[in-house]
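S.K.: Fold the following for me, if possible:
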Amino acid sequence: MLTAKQIKQGIINGFVADALGVPVEFQQRGSYHVTQMQGYGTYQQPAGSWSDDSSLTLILLANLVQAGTMHDMMRKMVTWLTQDAYTPAQLTFDVGHSTQVAIQHFMQGSEPEMAGDASEMGNGNGALMRIAPLAIVLEDEADLNTRFQLIRDTTFITHRHPRALIGSVLYVELLRHLLSQLPLETALQQAFLSVQQLSLPRAEVAHYQRLRQPDFWDIPEQMIHSSGYVVDSLEAAVWVAGNADSLKDAMLTAVNLGEDTDTIAQLSTMIYWAQHPDAVAPKEWVDHLILPTNAEHIIDQFAQKYGDFGRSNKF
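M.R.: Residues are numbered from 1 along each chain as shown. As a prediction, the model looks like this:
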């Protein structure tokens, strides 16, 4: 079972990875080479600035601490979009299209479970990038249907297509099994078993079949796609984490893949950390991280609630 210290460090690792990727987001692989934390670039933000990935993760953390409803979470997302809340420097930037539209739907009266994009074109990684904390919350939840309900509800507020939902289930279940100390390949097999038991559409599950290839980690880098498409993002993150020699290596490899650099780095980092819960991002990168007191307080509260001494308060 994770300690509060491990949980906090895991969340911080994800924020660091996000910030590492922000300056080069959307750049093409091979056109740059990141070796350290830097600033400006794509969004002209100072070094250590994290994007929507971590802002929305922070919102999920706050909602879980408060045992909030999906309405409560969407209200928090409204304050992020319209009032620059849950950001490193009171400025909202890098807002995904599907997420923005879903929040606007909610503001116009839509119920949270109907706000997300249900179209095939809405299969971006906007739910995947914020949902890792559910693996910590559900770490010792034995009932698959209970886990699925929370994963589905949390995904649907922005992404309602079955393919996006399957990506969320695979990712959270993979993290859960890694946290229980299963090897990566076995944990991935167990994640697919959960999807099978839930009877999710086979045609949609088939989009993730490359992850089930026994030689997946031997695929050459040029065949790994690092776009914001949910399937590409999950494949890239699993590939990076499975081939990384260290947390630093995972972060840098992910960022240097190009395209959706911040999200791929964050996902890769969380998968690597779930295998190595004591892994810590390089100190000089952590020192650059912009972490307002209110954000750190939310992370601390979440870590205390779901750490080994706080599980009695489980959501």
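S.K.: contacts and neighbour counts: CA atoms only from here.
M.R.: Will do.
S.K.: Please tell me how far the residue nearest the centre of the chain sits from residue 155.
M.R.: For the chain, the residue sitting closest to the mean C-alpha position, by C-alpha atoms, centre = their mean, is residue 129 at 2.9 Å. Residue 129 sits 10 Å away from residue 155, going by C-alpha to C-alpha, to the nearest Å.
S.K.: wait, doesn't residue 73 sit right on residue 64?
M.R.: No - using C-alpha atoms under 8 Å as the test, residue 73 is too far from residue 64 to be in contact (9.0 Å).
S.K.: What number of residues are in the vicinity of residue 286?
M.R.: Applying other C-alpha atoms under 10 Å, we find 19 other residues in the vicinity of residue 286.
S.K.: ok, it - contacts?
M.R.: When contacts are counted by C-alpha atoms under 8 Å, 6 or more residues apart in numbering, residue 286 touches 12, 16.
S.K.: Residue 10 - nearest residue in space that isn't next to it in sequence?
M.R.: In space, and not counting its chain neighbours, residue 10 is closest to residue 273: 6.4 Å by C-alpha to C-alpha, 6 or more residues apart in numbering.
S.K.: can you check residue 100 too?
M.R.: In space, residue 100 comes closest to residue 81 once its chain neighbours are excluded; the distance is 7.6 Å by C-alpha to C-alpha, 6+ apart.
S.K.: Could you check how far the one you found is from residue 6?
M.R.: 30 Å.
S.K.: Residue 6 touches residue 276, doesn't it?
M.R.: No - in this structure, residue 6 is not within contact of residue 276 by C-alpha under 8 Å, at 9.7 Å.
S.K.: Need the CA coordinates for stretch 216-225. PDB is fine.
M.R.: What follows is stretch 216-225, C-alpha atoms only, in PDB (Å, rounded to 0.1, in the frame of the first residue of the first chain):
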ATOM      1  CA  PHE A 216       5.400  -4.500 -28.400                       C
ATOM      2  CA  TRP A 217       8.400  -3.100 -26.500                       C
ATOM      3  CA  ASP A 218      10.700  -4.000 -29.400                       C
ATOM      4  CA  ILE A 219       8.800  -1.800 -31.900                       C
ATOM      5  CA  PRO A 220      11.200   0.800 -33.200                       C
ATOM      6  CA  GLU A 221      10.700   4.400 -32.100                       C
ATOM      7  CA  GLN A 222       9.800   5.600 -35.600                       C
ATOM      8  CA  MET A 223       6.700   3.300 -35.500                       C
ATOM      9  CA  ILE A 224       5.500   4.900 -32.200                       C
ATOM     10  CA  HIS A 225       3.000   7.700 -32.700                       C
END
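S.K.: what's it in contact with?
M.R.: For stretch 216-225, the external contacting residues (C-alpha under 8 Å, 6+ apart) are 210, 232-233, 235-236, 239, 242-243.
S.K.: can you tell me which of the residues you listed are in helices?
M.R.: 232-233, 235-236, 239, 242-243 (DSSP state H).
S.K.: Correct me if wrong: residue 275 contacts residue 185.
M.R.: No - Residue 275 is beyond contact range of residue 185, at 11.4 Å (criterion: C-alpha under 8 Å).
S.K.: Could you check which of those two has the larger neighbour count?
M.R.: residue 275 (22 against 18).
S.K.: need the contact list for that one.
M.R.: By C-alpha under 8 Å, 6+ apart, residue 275 lies in contact with 178-179, 181, 183-184.
S.K.: Quick check: it vs residue 218, distance?
M.R.: Distance, residue 275 to residue 218, by C-alpha to C-alpha: 19 Å.
S.K.: now residue 27
M.R.: From residue 27 over to residue 218 (counting by C-alpha to C-alpha), the distance is 25 Å.
S.K.: Those two: who's more crowded?
M.R.: Taking neighbours as other C-alpha under 10 Å, residue 27 and residue 218 compare with residue 27 leading, 17 against 11.
S.K.: what's the burial count for residue 284?
M.R.: Using other C-alpha under 10 Å, residue 284 has 10 other residues around it.
S.K.: what does the one 3 residues further on give?
M.R.: A total of 12 residues lie near residue 287 under the criterion other C-alpha under 10 Å.
S.K.: can you confirm it is in a helix?
M.R.: Yes - applying DSSP: H, G, I helix; E, B strand; the rest coil, one finds residue 287 inside a helix.
S.K.: rewinding a little: buried ones among the ones in helices among the contacts of stretch 216-225?
M.R.: With neighbours counted by 16 or more other C-alpha atoms under 10 Å, the ones in helices among the contacts of stretch 216-225 contain buried members at 232-233, 235-236, 239, 242.
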